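**Q** just the structure for this:
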Amino acid sequence: MADIFEGIFGQPRVREFLRACVSSDKVSHAYLFCGPAGSNKTQAAFAFARAILCSGNPCSDCEGCASESCAQIARKTHPDVHYFAPEGAQGYVVDQIRELVADTSLAPIKANRKVYIIDRVDLLGTAAANAFLKTLEEPPSDVVLVLLGRTRESVLPTIVSRCQVVPFRHIPASEAAGILVQNTGCTLPEASIAIEACGGSITKAAAFLRSKERSQFRQKVVFALASLARADDLDVLDYAADIVLASKAPLDEVRREQDRMMEERAEFLNKAALKTLETRNKRMLSQASFEFLHQATSIARSWLRDVAMVCSGAEDLAINVDCLDAVRDCAGRTQLARVCEAYARVSDADSAISYNVSPQVSIEAMLFEIREVLYAERRCR
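**A** Reported below is the predicted structural model:
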């Protein structure tokens, strides 16, 4: 049987540490996984949950596992594994944490323990943290808390002091692409494009490669970027509308996953609990929508990076090789300093999306600013 922890790509020390925790039966009550975006913290958290809750020997496919716990956790439908992500524009809202705290006091539904995976605890404000501290310090004996944050320093000291800290290393893009090739069978150029489009996350890049909708979404963004030099204002508005519409297509995958989750949990939960889960699913769907819009900015930054490479005479370092002619065309119409400025404007657009600015307005503003910065002089002639 394959080791369940082998799926934690690029983190050999983390794999060994988590194996040791489980094999020695020395699982702590709270962990803080710290590492940059794309370092596989979420994947590791779910693998850890599977290892903790599996009734047999944890494995990657769970053949012969009578409880099917591992398979349910892999599908994110296990009733005793709970995942939380910020639902507010600025981070966690206090009601989210109160809901989590209340749930920890309930007995497990199916397993002998419960695991709570709490993402982006670096966005846990003081009020929300205060509502959580007592539970984090002394959770019920059947609860394991796994917190995920970008850096140790960005997490409140009162949170850090109550957890066992597990550091995750940055995985270079070239290494991440190689891991993706090895585990999906894609080509190296395909892997590099997916890694760039997904902000360096191997897990998200693998999902990107499996999804026709996500590939089509990228094509919409790239087409808009390649067309800006010749676009009038109405064209830009149309491009933005197409991108926002295309960003909604991958949400069908999320909805299908949520429907399956609701169906599998229906036998375990009462009506009130199902209603709470339904409300949480709506919030998660909204978060997923913003994630795909952030992906548009990642794709734009990747494309502009390639333009900068061509402007600098380093075309062989370009990532988006499937649209290299368009990249060359853009590079021939602008200057390196302008490309760098456009890149900064895209980062501004990404921040605007995070602050719940209208998706349509954010994408429109991004495209207009890229066009203005890259081609201002030519448009004035």
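**Q** where in the stretch 201-350 of the chain is pLDDT low?
**A** By pLDDT under 70, the low-scoring segments of the stretch 201-350 of the chain are 250-255, 257-258, 260-262, 264-289.
**Q** now do 90
**A** Applying pLDDT under 90 to the stretch 201-350 of the chain picks out residues 201-204, 207, 211-214, 244-295, 347-350.
**Q** what segments of it are strands?
**A** Secondary structure of the stretch 201-350 of the chain (DSSP state E, counting those that start in this stretch): no strands present.
**Q** now do the helices in it.
**A** Counting by DSSP state H, counting those that start in this stretch, residue ranges of the helices within the stretch 201-350 of the chain are 202-210, 212-227, 233-248, 251-265, 271-311, 324-333, 336-354.
**Q** for the shortest one, list the C-alpha coordinates in PDB.
**A** Okay, so that is helix 202-210. Taking Å, rounded to 0.1, in the frame of the first residue of the first chain, the C-alpha atoms of helix 202-210 are listed here in PDB:
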ATOM      1  CA  ILE A 202       0.900  22.100  -6.900                       C
ATOM      2  CA  THR A 203      -2.400  20.800  -5.600                       C
ATOM      3  CA  LYS A 204      -4.400  23.600  -7.400                       C
ATOM      4  CA  ALA A 205      -2.200  23.200 -10.500                       C
ATOM      5  CA  ALA A 206      -3.200  19.500 -10.700                       C
ATOM      6  CA  ALA A 207      -6.800  20.400 -10.500                       C
ATOM      7  CA  PHE A 208      -6.300  23.100 -13.100                       C
ATOM      8  CA  LEU A 209      -4.800  20.500 -15.500                       C
ATOM      9  CA  ARG A 210      -7.800  18.200 -15.000                       C
END
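**Q** outside of it itself, list whatever touches it.
**A** Here helix 202-210 makes contact (CB atoms under 8 Å, 6 or more residues apart in numbering) with 9-10, 38, 40, 42-43, 171, 176, 179-180, 183-184, 186, 190-191, 194-195, 197-198, 214-215, 218. C-beta here means a position set from N, CA and C on the backbone, and glycine is covered the same way.
**Q** now it: buried residues?
**A** Buried positions in helix 202-210, judged by neighbour count with 16 or more other CB atoms under 10 Å: 202, 203, 204, 205, 206, 208, 209.
**Q** looking at those residues, which is nearest residue 22?
**A** In terms of CB to CB, no member of the buried residues of helix 202-210 lies closer to residue 22 than residue 203, at 20.8 Å.
**Q** can you flag the buried ones in the contacts of helix 202-210?
**A** For the contacts of helix 202-210, burial is judged from neighbour counts taken by 16+ other CB under 10 Å, and it is met by 9-10, 38, 40, 42-43, 171, 176, 179-180, 184, 186, 190-191, 194-195, 197-198, 214-215, 218.
**Q** any idea which of the helices of the stretch 201-350 of the chain is most buried?
**A** The densest packing among these, expressed as mean neighbour count by mean count of other CB atoms under 10 Å, is seen in helix 202-210 with a mean of 21.
**Q** next, the angle from it to helix 212-227.
**A** 90 degrees (axes from the mean of the first three to the mean of the last three CA atoms, to 10 degrees).
**Q** what's near enough to touch the nearest residue to residue 224 once chain neighbours are set aside?
**A** Sequence neighbours aside, residue 239 is the residue nearest to residue 224 in space, at 3.7 Å (criterion: CB to CB, 6 or more residues apart in numbering). Applying CB under 8 Å, 6+ apart, we find residue 239 in contact with 220, 223, 224, 227, 228, 231, 367.
**Q** got the phi/psi numbers for the residue nearest to residue 35 when sequence neighbours are not counted?
**A** Excluding its sequence neighbours, the residue lying closest to residue 35 (CB to CB, 6+ apart) is residue 168, at 2.7 Å. Summarising the backbone geometry of residue 168 under the convention degrees, to the nearest 10, its torsions are phi -110, psi 140.
**Q** thank you, goodbye.
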